[in-house]
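Peer 1: Sequence and predicted structure, then a few things I'm wondering about:
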Amino acid sequence: MIIKDIFLKCHMLFILVQLIVFFTACSDYSNNTVASNNSSQSSTSSQASSSSSSQSQQGYYVIQDSNGWHLMVEGEPYYIKGVVANFIPVGEGNAYKTGLWNETDTHIKNILDHDISLMTNAGINTIRTFSNIPGEWVDYIYNTFGVRLIISHWIGGYSSGGQCVDYSIPAVRSSLLTDITNWVLEFRDSPGVLFYALGNENNYRLNGNTPTQFYSFVEEVCVSIKALDPNRCVAIANGELQYSSTIASTCQHLDIMMANVYRGQSATSLFSDVKNTLNLPFVFSEFGCDAFNMVTDAEDQTVQASYHKNQWKECYLNTYNKNAGNCIGGFVFSWRDGWWKAGDDYAQTTTAQHYIGGYTFDNSVNPNINEEWFGICYMSGLNDTNSQGVQITHPRQSYYILSNTWSINPYQKSISEIETFFATF
């Protein structure tokens, strides 16, 4: 009887030890595989994580350890080599953003085949588009070219007069959430969707809303999306890092910090600021350089290419295990020039619209930023078409510089190797 009691006690102790080991391992996995991580979060963050043990080899998620962040796709590290793309031809204006998808299937395929073949040849693996692209074309792009997209929802950012809706009205929030639900349901089964992006510089057009009102709605949207699709991340496309402290304290379920950033050749302290304030992985939702020099009053492809080269070098130097360790990619703005942006859809104006001092090559002229000249590719005019009636996209110097830049995997390179690589071209 004594021997039996001893045996039972030892057996129970063995089981207890195994349980402790199991839960410790689970805890370690939860802490290192996350899709929502903020320095101000505690147990809420762990519960909010859209990554779980079932995601270890499935889904699209982010992981963090002491060396920084990785974006993971089906269990493999994924670095975003992206471009912002609008397929708006010469002669069409801003309203055409959704017009392409009303064309015949044959014409849509011809356009996508022409442009995305050029993208893949350059090493682009991800597209950010502002148009409300239907799910069938997301699938076509991925299945045909292997290129993924981030899917954007304005979450009330471009209402009357281009301003935000009133986020303090419950009915407005409810209506937007219904629309967002339908949006997620359309795309959640598509392998071509990398993650969900919310807004586009909504913080610049709050229209009387307080930052807390807006970002509390972002948090509500994040929670809603995660309930519908727990296998993908949710990001915000902020204007710069404005209100980052409010984002940190309010958006507990935000997975990726994205921002449109135009500071010139260097993002200065951006990566460390994101790390210290938000403790999130970072993606440039927009960055780049226009190809028109206001000092010489002429196109300047060489300067544009130089800026793009240095901007991407800085991204690579802040990837996992390097410096801030939090840059998981970016979307250069933009794929093609936007002829519609200054009012004449049929002509490319040389009139600048903004002033940004960081673009030192022409900042002696105010304004110095030309919205219609940001493409890494250009279009020659209305009648410059191929045999299929598609307007031809012509690469600039930046296209070839970036093709070289995108030829390596920055996760696999050290700081010195990256420095050496960029010194070769």
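Peer 2: Okay, I see it.
Peer 1: mind checking how far the host helix or strand of Ser224 is from the chain centre?
Peer 2: Taking DSSP states H and E as the criterion, Ser224 maps to helix 211-228. With C-alpha atoms, centre = their mean, to the nearest Å as the basis, helix 211-228 stands 18 Å off its chain's centre.
Peer 1: just stretch 311-323 next, same as before
Peer 2: Counting by C-alpha atoms, centre = their mean, stretch 311-323 comes out at 16 Å from the chain centroid.
Peer 1: Can you give me the end-to-end span of it?
Peer 2: 15 Å (C-alpha to C-alpha, to the nearest Å).
Peer 1: just stretch 400-411 next, same as before
Peer 2: 22 Å.
Peer 1: what is the mean pLDDT for that stretch?
Peer 2: Per-residue pLDDT values over stretch 400-411 give a mean of 98.
Peer 1: What lies in contact with it?
Peer 2: Contacting residues not belonging to stretch 400-411 are listed as 70, 77, 79, 81, 121-124, 305, 308-309, 312-313, 315-316, 319-320, 322, 332, 376, 418, 421-422, 425 [C-beta atoms under 8 Å, 6 or more residues apart in numbering]. The way it works is simple: take the backbone N, C-alpha and C, and place the C-beta from them, glycine included.
Peer 1: List of residues touching stretch 372-387?
Peer 2: Contacts for stretch 372-387 (C-beta under 8 Å, 6+ apart): 83, 89-91, 114, 118, 288-292, 299, 304, 308, 332-342, 346, 348-349, 391-396, 398-399, 402.
Peer 1: Buried subset of those residues as a ChimeraX selection?
Peer 2: Restricted to buried positions by 16 or more other C-beta atoms under 10 Å, the ChimeraX selection for the contacts of stretch 372-387 reads:
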select :83,89,90,114,118,288,289,290,291,292,299,304,308,332,333,334,335,336,337,338,339,340,341,342,348,349,391,393,395,396,398,399,402
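Peer 1: Narrow the contacts of stretch 372-387 to those in helices?
Peer 2: 114, 118, 304, 308, 398-399, 402 (DSSP state H).
Peer 1: nearest to Ser131, of those residues?
Peer 2: His114 (16.6 Å; C-beta to C-beta).
Peer 1: That closest one touches Thr393, doesn't it?
Peer 2: Yes - here His114 reaches Thr393: they are 6.6 Å apart, a contact under C-beta atoms under 8 Å.
Peer 1: helix/strand/coil for the spatially most central residue of the chain?
Peer 2: For the chain, Ser285 is the residue whose C-alpha lies nearest the centre (C-alpha atoms, centre = their mean; 4.4 Å). Assigned with DSSP: H, G, I helix; E, B strand; the rest coil, Ser285 falls in the strand class.
Peer 1: what's near enough to touch it?
Peer 2: 84, 128, 197, 200, 235, 237-238, 258-260, 330-331.
Peer 1: Same list, those, but as JSON lines with neighbour count please.
Peer 2: Converted to JSON lines, the contacts of Ser285 look like this (neighbours: other C-beta atoms under 10 Å):
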{"residue": "Val84", "neighbour count": "23"}
{"residue": "Arg128", "neighbour count": "29"}
{"residue": "Ala197", "neighbour count": "24"}
{"residue": "Asn200", "neighbour count": "23"}
{"residue": "Ala235", "neighbour count": "27"}
{"residue": "Ala237", "neighbour count": "26"}
{"residue": "Asn238", "neighbour count": "25"}
{"residue": "Met258", "neighbour count": "27"}
{"residue": "Ala259", "neighbour count": "24"}
{"residue": "Asn260", "neighbour count": "19"}
{"residue": "Gly330", "neighbour count": "28"}
{"residue": "Phe331", "neighbour count": "28"}
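Peer 1: which one of those residues sits closest to Lys275?
Peer 2: Closest to Lys275, out of all of the contacts of Ser285 and judged by C-beta to C-beta, is Ala259, at 13.5 Å.
Peer 1: Can you tell me the strand partners of the strand or helix carrying that closest one and which way each runs?
Peer 2: For Ala259, the host element (DSSP H and E) is strand 256-260. Using DSSP bridges, the neighbouring strands of strand 256-260 in the sheet come out as strand 234-239 (parallel), strand 282-287 (parallel).
Peer 1: what's the angle from the first one to helix 211-228?
Peer 2: Here strand 234-239 runs at an angle of 150 degrees relative to helix 211-228 (axes from the mean of the first three to the mean of the last three C-alpha atoms, to 10 degrees).
Peer 1: Lowest-scoring secondary structure element of this protein by mean pLDDT?
Peer 2: Lowest on mean pLDDT, DSSP states H and E among the helices and strands of the chain sits helix 43-48, with a mean of 32.
Peer 1: mind exporting whatever helix or strand comes next after it as CSV, just the C-alpha atoms?
Peer 2: Downstream of helix 43-48, the first helix or strand assigned by DSSP H and E is strand 60-65. Taking C-alpha atoms only, strand 60-65 is exported to CSV below (Å, rounded to 0.1, in the frame of the first residue of the first chain):
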residue,chain,number,x,y,z
TYR,A,60,0.5,36.1,-42.6
TYR,A,61,1.8,37.4,-39.3
VAL,A,62,4.7,39.1,-37.5
ILE,A,63,7.1,37.8,-35.0
GLN,A,64,9.4,39.6,-32.6
ASP,A,65,12.4,38.6,-30.5
